[in-house]
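K.L.:
Sequence unavailable; structure follows:
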Ligand code: GAR
(Lines give C-alpha, C1' and ligand atoms only; values in the text may rest on other atoms or scores of the structure.)
Protein backbone atom coordinates (compact mmCIF):
# COMPACT_ATOMS: atom_id res chain seq x y z
CA UNK A 1 0.00 0.00 0.00
CA UNK A 2 1.35 3.45 -0.98
CA UNK A 3 2.25 5.75 1.90
CA UNK A 4 0.43 9.06 2.28
CA UNK A 5 2.72 11.81 0.99
CA UNK A 6 2.91 14.57 3.56
CA UNK A 7 3.95 18.22 3.19
CA UNK A 8 4.58 20.23 6.37
CA UNK A 9 4.07 24.00 6.19
CA UNK A 10 6.01 26.06 8.73
CA UNK A 11 6.92 29.65 9.61
CA UNK A 12 9.18 29.47 12.64
CA UNK A 13 11.21 27.29 14.95
CA UNK A 14 9.65 24.05 13.81
CA UNK A 15 9.50 22.10 17.06
CA UNK A 16 6.28 20.47 15.86
CA UNK A 17 7.99 19.57 12.60
CA UNK A 18 10.79 18.04 14.72
CA UNK A 19 8.21 16.03 16.69
CA UNK A 20 6.91 14.66 13.38
CA UNK A 21 10.41 13.86 12.10
CA UNK A 22 11.27 12.09 15.38
CA UNK A 23 7.98 10.15 15.38
CA UNK A 24 8.63 9.11 11.80
CA UNK A 25 12.11 7.86 12.61
CA UNK A 26 10.71 5.87 15.56
CA UNK A 27 8.31 4.19 13.10
CA UNK A 28 5.23 5.86 14.58
CA UNK A 29 3.90 7.16 11.25
CA UNK A 30 3.95 3.92 9.24
CA UNK A 31 1.22 5.04 6.83
CA UNK A 32 2.78 8.38 5.89
CA UNK A 33 6.04 9.97 4.81
CA UNK A 34 7.11 13.60 5.09
CA UNK A 35 8.34 14.39 1.59
CA UNK A 36 8.34 18.20 1.59
CA UNK A 37 8.66 21.15 3.98
CA UNK A 38 7.62 24.64 2.86
CA UNK A 39 8.27 27.80 4.89
CA UNK A 40 6.65 31.15 4.21
CA UNK A 41 9.47 32.84 6.15
CA UNK A 42 13.07 33.10 4.95
CA UNK A 43 15.56 31.70 7.44
CA UNK A 44 13.00 29.85 9.58
CA UNK A 45 14.87 27.35 11.78
CA UNK A 46 12.33 24.72 10.70
CA UNK A 47 14.15 24.67 7.33
CA UNK A 48 17.39 23.62 9.05
CA UNK A 49 15.52 20.83 10.85
CA UNK A 50 14.13 19.62 7.50
CA UNK A 51 17.55 19.78 5.83
CA UNK A 52 19.18 17.88 8.71
CA UNK A 53 16.55 15.16 8.31
CA UNK A 54 17.19 15.02 4.55
CA UNK A 55 13.71 16.31 3.67
CA UNK A 56 13.41 18.54 0.55
CA UNK A 57 12.52 22.04 1.69
CA UNK A 58 11.87 25.42 0.16
CA UNK A 59 10.68 28.94 0.88
CA UNK A 60 7.65 30.60 -0.71
CA UNK A 61 6.93 34.06 0.70
CA UNK A 62 3.92 36.25 0.07
CA UNK A 63 6.33 39.12 -0.60
CA UNK A 64 7.91 37.17 -3.46
CA UNK A 65 4.38 36.81 -4.87
CA UNK A 66 3.95 40.59 -4.99
CA UNK A 67 2.27 40.59 -1.57
CA UNK A 68 -0.76 38.96 -3.17
CA UNK A 69 -2.45 36.17 -1.18
CA UNK A 70 -3.98 34.58 -4.29
CA UNK A 71 -0.62 34.36 -6.11
CA UNK A 72 1.00 33.10 -2.91
CA UNK A 73 -1.56 30.31 -2.57
CA UNK A 74 -1.24 29.47 -6.27
CA UNK A 75 2.52 29.09 -5.83
CA UNK A 76 1.94 26.81 -2.83
CA UNK A 77 -0.68 24.74 -4.69
CA UNK A 78 1.61 24.35 -7.72
CA UNK A 79 4.43 23.06 -5.53
CA UNK A 80 2.14 20.70 -3.62
CA UNK A 81 0.72 19.33 -6.87
CA UNK A 82 4.20 18.88 -8.37
CA UNK A 83 5.14 16.72 -5.36
CA UNK A 84 1.80 14.83 -5.49
CA UNK A 85 1.07 15.71 -1.87
CA UNK A 86 -1.86 13.87 -0.24
CA UNK A 87 -1.83 15.52 3.19
CA UNK A 88 -0.78 19.00 4.33
CA UNK A 89 0.21 19.63 7.95
CA UNK A 90 0.26 23.21 9.24
CA UNK A 91 2.86 23.16 12.01
CA UNK A 92 3.23 26.71 13.26
CA UNK A 93 2.30 28.05 9.80
CA UNK A 94 1.32 31.67 10.38
CA UNK A 95 -0.80 32.44 7.34
CA UNK A 96 -4.57 32.07 7.05
CA UNK A 97 -5.53 30.11 3.93
CA UNK A 98 -8.50 31.05 1.75
CA UNK A 99 -11.56 28.88 1.07
CA UNK A 100 -10.23 28.26 -2.43
CA UNK A 101 -7.11 26.66 -0.95
CA UNK A 102 -8.83 24.72 1.83
CA UNK A 103 -11.49 23.39 -0.59
CA UNK A 104 -8.72 22.06 -2.84
CA UNK A 105 -7.54 19.81 0.04
CA UNK A 106 -10.78 19.15 1.91
CA UNK A 107 -10.13 16.91 4.95
CA UNK A 108 -6.49 16.79 3.83
CA UNK A 109 -5.11 19.73 5.82
CA UNK A 110 -4.35 19.44 9.55
CA UNK A 111 -3.41 22.22 11.95
CA UNK A 112 -2.06 22.15 15.48
CA UNK A 113 -3.38 24.93 17.71
CA UNK A 114 -2.05 25.62 21.22
CA UNK A 115 -5.35 25.74 23.13
CA UNK A 116 -8.43 23.63 23.72
CA UNK A 117 -10.63 24.84 20.83
CA UNK A 118 -13.14 26.58 21.02
CA UNK A 119 -11.23 28.57 23.67
CA UNK A 120 -8.58 31.11 22.64
CA UNK A 121 -8.73 30.46 18.90
CA UNK A 122 -9.62 32.14 15.63
CA UNK A 123 -8.09 35.15 13.93
CA UNK A 124 -5.43 36.91 16.03
CA UNK A 125 -4.85 33.90 18.29
CA UNK A 126 -1.48 32.43 17.41
CA UNK A 127 1.77 31.56 19.14
CA UNK A 128 2.42 33.24 22.49
CA UNK A 129 -0.74 35.38 22.16
CA UNK A 130 -2.83 32.26 22.80
CA UNK A 131 -1.03 31.53 26.07
CA UNK A 132 -1.12 35.19 27.15
CA UNK A 133 -4.91 35.19 26.62
CA UNK A 134 -5.32 31.97 28.60
CA UNK A 135 -3.29 33.39 31.51
CA UNK A 136 -5.13 36.74 31.38
CA UNK A 137 -8.46 34.92 31.55
CA UNK A 138 -7.24 32.83 34.46
CA UNK A 139 -8.08 29.36 33.15
CA UNK A 140 -6.62 26.52 35.20
CA UNK A 141 -6.53 24.04 32.33
CA UNK A 142 -5.47 24.66 28.75
CA UNK A 143 -4.01 22.34 26.12
CA UNK A 144 -3.73 21.75 22.40
CA UNK A 145 -5.95 20.72 19.51
CA UNK A 146 -5.29 19.10 16.14
CA UNK A 147 -8.10 19.76 13.68
CA UNK A 148 -8.92 19.67 9.99
CA UNK A 149 -8.57 23.04 8.31
CA UNK A 150 -11.44 24.72 6.53
CA UNK A 151 -12.04 28.38 5.59
CA UNK A 152 -12.88 29.35 9.20
CA UNK A 153 -9.69 30.02 11.22
CA UNK A 154 -9.39 27.13 13.74
CA UNK A 155 -12.96 26.14 12.77
CA UNK A 156 -12.55 22.71 11.18
CA UNK A 157 -13.47 19.34 12.69
CA UNK A 158 -11.46 18.40 15.77
CA UNK A 159 -9.31 15.26 15.51
CA UNK A 160 -7.45 15.11 18.85
CA UNK A 161 -7.15 17.28 21.96
CA UNK A 162 -5.06 17.04 25.11
CA UNK A 163 -5.42 19.05 28.31
CA UNK A 164 -2.50 20.62 30.21
CA UNK A 165 -2.58 22.18 33.69
CA UNK A 166 -1.79 25.85 34.17
CA UNK A 167 0.57 26.31 37.14
CA UNK A 168 1.12 29.11 39.63
CA UNK A 169 3.67 31.61 38.30
CA UNK A 170 3.33 30.57 34.63
CA UNK A 171 4.46 33.08 32.03
CA UNK A 172 3.27 32.78 28.41
CA UNK A 173 6.69 31.31 27.53
CA UNK A 174 6.63 28.71 30.33
CA UNK A 175 3.06 27.71 29.51
CA UNK A 176 3.83 27.50 25.79
CA UNK A 177 6.69 25.10 26.46
CA UNK A 178 4.55 22.88 28.75
CA UNK A 179 1.70 22.78 26.19
CA UNK A 180 4.17 21.81 23.47
CA UNK A 181 5.85 19.08 25.53
CA UNK A 182 2.74 17.60 27.13
CA UNK A 183 0.26 18.05 24.28
CA UNK A 184 1.31 19.33 20.83
CA UNK A 185 4.34 17.09 20.25
CA UNK A 186 2.27 14.07 21.29
CA UNK A 187 -1.06 14.60 19.55
CA UNK A 188 0.25 16.01 16.27
CA UNK A 189 2.17 12.85 15.23
CA UNK A 190 -0.75 10.68 16.42
CA UNK A 191 -3.27 12.69 14.37
CA UNK A 192 -0.98 12.63 11.32
CA UNK A 193 -0.77 8.83 11.53
CA UNK A 194 -4.55 8.48 12.04
CA UNK A 195 -5.33 10.56 8.94
CA UNK A 196 -2.47 9.04 6.89
CA UNK A 197 -3.81 5.56 7.59
CA UNK A 198 -7.28 6.55 6.36
CA UNK A 199 -5.92 8.25 3.24
CA UNK A 200 -3.57 5.39 2.36
CA UNK A 201 -6.51 2.97 2.48
CA UNK A 202 -8.40 4.96 -0.21
C1 LIG B 1 3.05 26.10 18.19
O2 LIG B 1 2.76 26.32 19.55
C3 LIG B 1 1.78 25.99 17.38
O4 LIG B 1 0.75 25.33 18.04
C5 LIG B 1 1.44 27.45 17.21
O6 LIG B 1 2.66 28.08 16.96
C7 LIG B 1 3.72 27.34 17.59
C8 LIG B 1 4.74 27.00 16.54
O9 LIG B 1 5.88 26.41 17.11
N10 LIG B 1 0.48 27.62 16.15
C11 LIG B 1 -0.48 28.55 16.17
O12 LIG B 1 -0.62 29.35 17.07
C13 LIG B 1 -1.42 28.52 14.97
N14 LIG B 1 -2.63 29.22 15.28
P15 LIG B 1 6.89 25.52 16.27
O16 LIG B 1 7.32 26.34 15.05
O17 LIG B 1 8.05 25.33 17.21
O18 LIG B 1 6.22 24.24 15.89
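P.N.:
Happy to help now that I have it. Being a predicted model, the structure only gives us computed values, none of them experimental.

K.L.:
Check which helices and strands the longest helix belonging to the chain is in contact with.
P.N.:
With DSSP state H setting the assignment, residue counts place helix 185-201 as the longest helix in the chain. For helix 185-201, the contact count by 3 or more C-beta pairs under 8 Å, 6 or more residues apart in numbering; DSSP states H and E identifies strand 4-10, helix 15-25, strand 32-39, strand 87-90, strand 109-113, strand 141-148, strand 158-165 as packing neighbours. Where you see a C-beta, it was placed from the backbone N, CA and C, and this is true even at glycine.

K.L.:
Of all those, which one comes closest to the ligand?
P.N.:
Evaluated with C-beta to the nearest ligand atom, the helices and strands packed on helix 185-201 place helix 15-25 nearest to the ligand, the distance being 3.3 Å.

K.L.:
Make sure residue 72 is indeed in a strand.
P.N.:
No: assigned with DSSP: H, G, I helix; E, B strand; the rest coil, residue 72 falls outside any strand and is helix.

K.L.:
What is the neighbour count of the closest residue to residue 142 other than its chain neighbours?
P.N.:
Using C-beta to C-beta, 6 or more residues apart in numbering and skipping the chain neighbours, the partner closest in space to residue 142 is residue 134 (4.7 Å). Residue 134 has 27 neighbours, counted by other C-beta atoms under 10 Å.

K.L.:
what's the answer for the one 4 residues further on, then?
P.N.:
Residue 138 sits with 7 neighbouring residues when counted by other C-beta under 10 Å.

K.L.:
where does it land on pLDDT?
P.N.:
Note on residue 138: pLDDT of 98.

K.L.:
Ramachandran angles for it?
P.N.:
As for residue 138, its main-chain torsions (degrees, to the nearest 10) stand at phi 90, psi 20.

K.L.:
circling back: would you format the helices and strands packed on helix 185-201 as a markdown table with distance to residue 121, mean neighbour count and mean pLDDT included?
P.N.:
Shown next, in a markdown table, are those (distance: least, C-beta to C-beta, whole Å; neighbours: other C-beta atoms under 10 Å; pLDDT from 0 to 100):
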| stretch | distance to residue 121 | mean neighbour count | mean pLDDT |
| --- | --- | --- | --- |
| strand 4-10 | 18 | 25 | 98 |
| helix 15-25 | 16 | 21 | 98 |
| strand 32-39 | 23 | 22 | 98 |
| strand 87-90 | 13 | 24 | 98 |
| strand 109-113 | 6 | 24 | 98 |
| strand 141-148 | 8 | 22 | 98 |
| strand 158-165 | 11 | 16 | 98 |
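
K.L.:
Contacts only, for the closest residue to the ligand within the chain.
P.N.:
Closest contact between the chain and the ligand, by C-beta to the nearest ligand atom, is at residue 92 (2.6 Å). If you count contacts by C-beta atoms under 8 Å, 6 or more residues apart in numbering, residue 92 has them with 10-17, 46, 112, 127.
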